[in-house]
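>>> Here is my input, please return the structure:
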Amino acid sequence: MRDPLAKQVVGLKPSGIRKFFDLVAEMPEAISLGVGEPDFDTPWHIRDEGIYSLEKGRTFYTSNSGLMELRTEICNYLKRRIGVNYLPKEEVLVTVGGSEAIDLALRAMINPGEGEEVLIPQPSYVSYEPCAILAGAKPVIIELKAENEFRLTAAELEAAITDKTKILVLPFPNNPTGAIMARKDLEAIAPLIEKHDLFVISDEIYSELTYGDEHCSIVSLPGMKERTILINGFSKAYAMTGWRLGYACGPQKILSQMTKIHQFAIMCAPTTSQYAAVEALKNGDADVAEMREAYNQRRRFLMHAFQEMGLPCFEPFGAFYVFPCIQKFGMTSEEFAMELLKEEEVAVVPGTAFGDCGEGFLRISYAYSLENLKIAMERIARFIEKRS
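Residues are numbered from 1 along each chain as shown. Below you'll find the model as predicted:
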């Protein structure tokens, strides 16, 4: 019998996050700080709108691109938040989570077999590299550095660009590091993007979870909107992970091809979720602010706890992750995480789950209650004390 499997799929590594998620599921007393999912319920007024849409019998397909009302509210939101105008009919596509939008953008822009390269700064979200491979691109990794607070510098970008480079993935605010790119950082790389005629996939799913300065999108810089696919969604900001809803905004020429793939593979995003998302965008700003403040409190608590136990960690200003360094203990990230789970029943994710340059670091999520975080920090401090 011939091999029924596709080599490019077989060659993909399974997600490094899932391993620890499965292990902790078998340990009822364990505390997991490994999953990047808000511990808040979706706000009631958003849930009510979803329930109401079902009661009204809104159970049919929407347009492939999404409800026009939702696309209009997305445009209103982006105008309000980042000061950029998009056209709801031509430049917005509603997707099944932000992850689908990443896949669609890469497949719509990459020509398989031509050696086109996608630049992926790492550590970063686990989907970029496999999605680039499945689209037929060559992923080129840019290793971000702790001394630069895991920001992408102009020098790092310039060094990675070749005549085959087509797309730069811009994953900020960053999962797993919590790093952000401020306006000055984006202004430093924008001229290189124009100079080398690159396109950008800017994943801004954590844009609402920025502490300190307001989030800055690269599309707000001159000349960048025309060459950028902006990706966002509702999972993180509105605690709507299970509703599976995201969106992409960008030039009509690219969006129309993304919509074509979406049309054949998915048809449309869930109707109930779309009606709930309209309510989120119209009336959810206060909910976002309340959750952001809670995350910020937890972030400050963890930074203080790490300082007390002598665990080095740069201060992150985005998302809901910290990325402490454990190199001084002489263990790999995988070894540290596994021993911590076995000895103290605390689950964290090895930094290597997000790229080889994550070695020596851990991703710890603070999308958990302060009560659980306090218990987990006590256990981690005890674990470290035994090895000091």
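
>>> Domain map for the chain?
According to automatic domain parsing, the chain is divided into the following domains: 7-42+286-385, 44-283.

>>> So which of these is nearest residue 1?
domain 7-42+286-385 (15.7 Å; CB to CB). In this view, the C-beta of every residue, glycine as well, is placed from N, C-alpha and C.

>>> Distance across that closest one, terminal residue to terminal residue?
46 Å (CA to CA, to the nearest Å).

>>> what residues are up against residue 102?
Neighbouring residues of residue 102 by CB atoms under 8 Å, 6 or more residues apart in numbering: 127, 128, 131, 201, 203, 231.

>>> Quick check: helices, which of those are part of them?
In helices, defined here by DSSP state H, the members of the contacts of residue 102 are 128, 131.

>>> possible to save the contacts of residue 102 as JSON lines with neighbour count, distance to residue 273 and pLDDT?
Listed next are those as JSON lines, based on neighbours: other CB atoms under 10 Å; distance: CB to CB, whole Å; pLDDT from 0 to 100:
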{"residue": "127", "neighbour count": "19", "distance to residue 273": "20", "pLDDT": "96"}
{"residue": "128", "neighbour count": "26", "distance to residue 273": "24", "pLDDT": "98"}
{"residue": "131", "neighbour count": "26", "distance to residue 273": "22", "pLDDT": "97"}
{"residue": "201", "neighbour count": "25", "distance to residue 273": "23", "pLDDT": "98"}
{"residue": "203", "neighbour count": "29", "distance to residue 273": "20", "pLDDT": "98"}
{"residue": "231", "neighbour count": "28", "distance to residue 273": "17", "pLDDT": "98"}
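
>>> Among the contacts of residue 102, which one lies nearest to residue 110?
Nearest to residue 110 among the contacts of residue 102 is residue 131, at 9.9 Å by CB to CB.

>>> hang on, the earlier thing: mean pLDDT lowest for which of the domains of the chain?
For the domains of the chain, the weakest mean pLDDT is recorded on domain 7-42+286-385, namely a mean of 93.

>>> Would you map the strands across the stretch 51-200 of the chain?
The residue ranges that make up the strands of the stretch 51-200 of the chain, judged by DSSP state E, counting those that start in this stretch, are 92-95, 117-122, 138-143, 165-170, 199-203.

>>> Pick the most buried one from those.
strand 92-95 (a mean of 27; mean count of other CB atoms under 10 Å).

>>> Which strands or helices does that strand pack on?
helix 68-82, helix 97-109, strand 246-249, helix 252-265 (3 or more CB pairs under 8 Å, 6 or more residues apart in numbering; DSSP states H and E).

>>> That one pairs with which strands?
strand 246-249 (antiparallel) (DSSP bridges).

>>> Please convert the contacts of residue 102 to CSV, extending it with distance to residue 349.
Below are the contacts of residue 102 laid out as CSV (distance: CB to CB, whole Å):
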residue, distance to residue 349
127, 15
128, 16
131, 20
201, 23
203, 18
231, 22
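
>>> re the thing from before, tell me which of the domains of the chain sits most buried.
Highest mean neighbour count among these (mean count of other CB under 10 Å): domain 44-283, with a mean of 20.

>>> And that one, how far out from the chain middle?
A distance of 9 Å separates the centroid of the chain from that of domain 44-283, by CA atoms, centre = their mean, to the nearest Å.

>>> Show me where the stretch 201-350 of the chain has its strands.
For the stretch 201-350 of the chain, the strands defined by DSSP E, counting those that start in this stretch occupy 228-233, 246-249, 321-322, 346-347, 349-350.

>>> For the third one, which helices and strands make contact with it?
This means strand 321-322. With contacts taken as 3+ CB pairs under 8 Å, 6+ apart, strand 321-322 sits against helix 285-309, strand 362-365.

>>> Quick one: those as JSON lines, columns for distance to residue 239 too.
Below are the helices and strands packed on strand 321-322 laid out as JSON lines (distance: least, CB to CB, whole Å):
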{"stretch": "helix 285-309", "distance to residue 239": "7"}
{"stretch": "strand 362-365", "distance to residue 239": "14"}
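
>>> wait, which of those is closest to residue 68?
Across the helices and strands packed on strand 321-322, residue 68 has its closest neighbour in helix 285-309 (22.0 Å, CB to CB).

>>> now, which of the contacts of residue 102 sits nearest residue 143?
Residue 143 lies nearest to residue 128 out of those, by CB to CB, at 14.0 Å.

>>> Am I right that that closest one is in contact with residue 170?
No - look at residue 128 against residue 170 with CB atoms under 8 Å: they stay out of range, at 10.3 Å.

>>> Between those two, which contacts overlap?
Counting by CB under 8 Å, 6+ apart, the residues touching both residue 128 and residue 170 are residue 203.
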